[in-house]
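Q: Fold the following and give me the result.
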Amino acid sequence: MSSIGLKPFAVNVKFSVKPDKRDDFLSLIKDIQKKTLATEPAALQFVVGEDVNTPSTFYMHAQFVGEEGFKAHRDTPHSVKWQKFSSDALFKEGGGEPTFDFYFGTHKAEKIPIRSCFCVHVELCVKPELREEFLEVIRNHQKGSINTCISNNEEDGPLCLQYVYGESKDEPNKFIFHEAYTVTDAGGKKGFEAHCATALFEKWQEFMEIDPFTEAPVVNNFKTLQ
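A: Model (predicted):
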C-alpha cells in the first residue's frame with residue numbers, strides 16, 4: 001500500500017464500560033494500543049483515555065495512513081480479539097454503547113508515540129452558509145495553537161501537543177477535533193487553560209457569538225491512560 005498523497009484517516013470513539021469489566025478492558029486495550037503501533041505500518045497514532053469527570057467512560061483516537069490503513073487494522077489478530085471481547089456485554093446499558101466519528105485530517109501524516117496528555121474531543125455542526133468563515137477561523141486557530149501555546153518554563157516544552165480536525169466522512173458540515181495538551185499539573189488542564197487564554201481563543205469566542213452551529217457543540221475532556 002502506497003502512502004503517497006494519502007491523508008490521515010482518523011476516528012474518535014466514546015463508550016462506557018461496565019465496572020466489573022473495567023480491569024479486563026484496561027489490560028486488553030493497552031496491549032492492543034502497543035501492538036497496533038508496533039506492528040502496523042499504516043498506524044500513526046492510538047490514544048486511549050478516561051473521562052475526567054465520569055469514571056469508566058473512555059475515549060479513543062486513532063489515525064492511519066488512508067482509509068485502507070484503518071481497514072487493514074480491523075483485520076489484525078489484536079483487532080479481532082477486541083471485536084470478540086467488546087461483543088461480550090462490555091458496555092453499560094442506556095448510552096454506553098460506542099459512538100464513532102470518522103474523518104480525514106487536514107494535517108500532515110506523522111507517527112505519534114503513546115504519551116501522557118490531557119485531551120479534548122469536540123464535535124461542531126456548522127451552518128452551511130458559514131462554512132468558509134468557520135474553516136478560515138479554524139485553520140488559523142490550528143496553526144496558532146501549536147505555535148503560541150508554550151509554557152513559561154522552557155523545560156516543559158510546548159503545552160499544546162496536537163490540534164487536528166477534519167470533516168465527518170458521513171455528515172457534511174460536521175467537524176471533528178482531537179486536541180492534546182501537556183500534563184504539567186495534577187489536574188492536567190494547565191496546557192488547555194493556557195490555550196484558552198490566548199488571543200486566538202478570543203477570536204474563536206467572537207466567531208461563536210454569531211451563532212454558527214446547527215446543534216450545540218459537544219466537548220469531552222479526558223486524560224490518557226498511564
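Q: List phi and psi for the residue most central in space within the chain.
A: With distances taken as C-alpha atoms, centre = their mean, residue 178 lies nearest the centre of the chain, 3.3 Å away. Listed backbone geometry of residue 178 is phi -130, psi 120, with angles given as degrees, to the nearest 10.
Q: how close does it sit to residue 65?
A: For residue 178, the distance to residue 65 under the criterion C-beta to C-beta, to the nearest Å works out to 17 Å. No exception for glycine: its C-beta is placed from N, CA and C like everyone else's.
Q: hey, where'd the helices end up in this structure?
A: For the chain, helices defined by DSSP state H occupy the ranges 22-39, 66-74, 77-86, 131-148, 190-196, 199-208.
Q: Just the buried positions in the fifth one, please.
A: For helix 190-196, a neighbour-count test (16 or more other C-beta atoms under 10 Å) marks 190-192, 194-195 as buried.
Q: picking up where we left off before, would you mind finding the most buried of the helices of the chain?
A: For the helices of the chain, average neighbour numbers computed from mean count of other C-beta atoms under 10 Å are highest in helix 190-196, which has a mean of 19.
Q: Export only the CA atoms of the worst-scoring helix or strand of the chain on mean pLDDT, formatted as CSV.
A: Of all helical and strand segments in the chain, the minimum by mean pLDDT, DSSP states H and E falls on helix 190-196, at a mean of 80. Extracted in CSV, the C-alpha atoms of helix 190-196 (Å, rounded to 0.1, in the frame of the first residue of the first chain):
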residue,chain,number,x,y,z
LYS,A,190,-2.7,23.7,32.6
GLY,A,191,-1.9,23.4,28.9
PHE,A,192,-5.6,23.6,27.9
GLU,A,193,-6.2,26.6,30.1
ALA,A,194,-3.2,28.3,28.6
HIS,A,195,-4.7,27.7,25.2
CYS,A,196,-8.0,29.2,26.3
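Q: neighbouring contacts of it?
A: 117-118, 120, 145, 149, 151, 159-161, 179, 181-184, 201, 221 (C-beta atoms under 8 Å, 6 or more residues apart in numbering).
Q: Just those: which are in strands?
A: Counting by DSSP state E, the part of the contacts of helix 190-196 found in strands is 117-118, 120, 160-161, 179, 181-182, 221.
Q: Rebuild those as CSV, extending it with pLDDT.
A: Putting the ones in strands among the contacts of helix 190-196 into CSV (pLDDT from 0 to 100) gives the following:
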residue, pLDDT
117, 92
118, 94
120, 96
160, 87
161, 90
179, 95
181, 90
182, 86
221, 96
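Q: okay, those residues in CSV with distance to residue 78 next?
A: As requested, these are arranged in CSV below (distance: C-beta to C-beta, whole Å):
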residue, distance to residue 78
117, 23
118, 27
120, 27
160, 31
161, 26
179, 27
181, 28
182, 29
221, 28
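Q: thinking again about what came up before, go ahead and confirm the residue nearest to the centre of the chain touches residue 13.
A: No: proximity of residue 178 to residue 13 does not meet the contact threshold set by C-beta atoms under 8 Å, at 11.0 Å.
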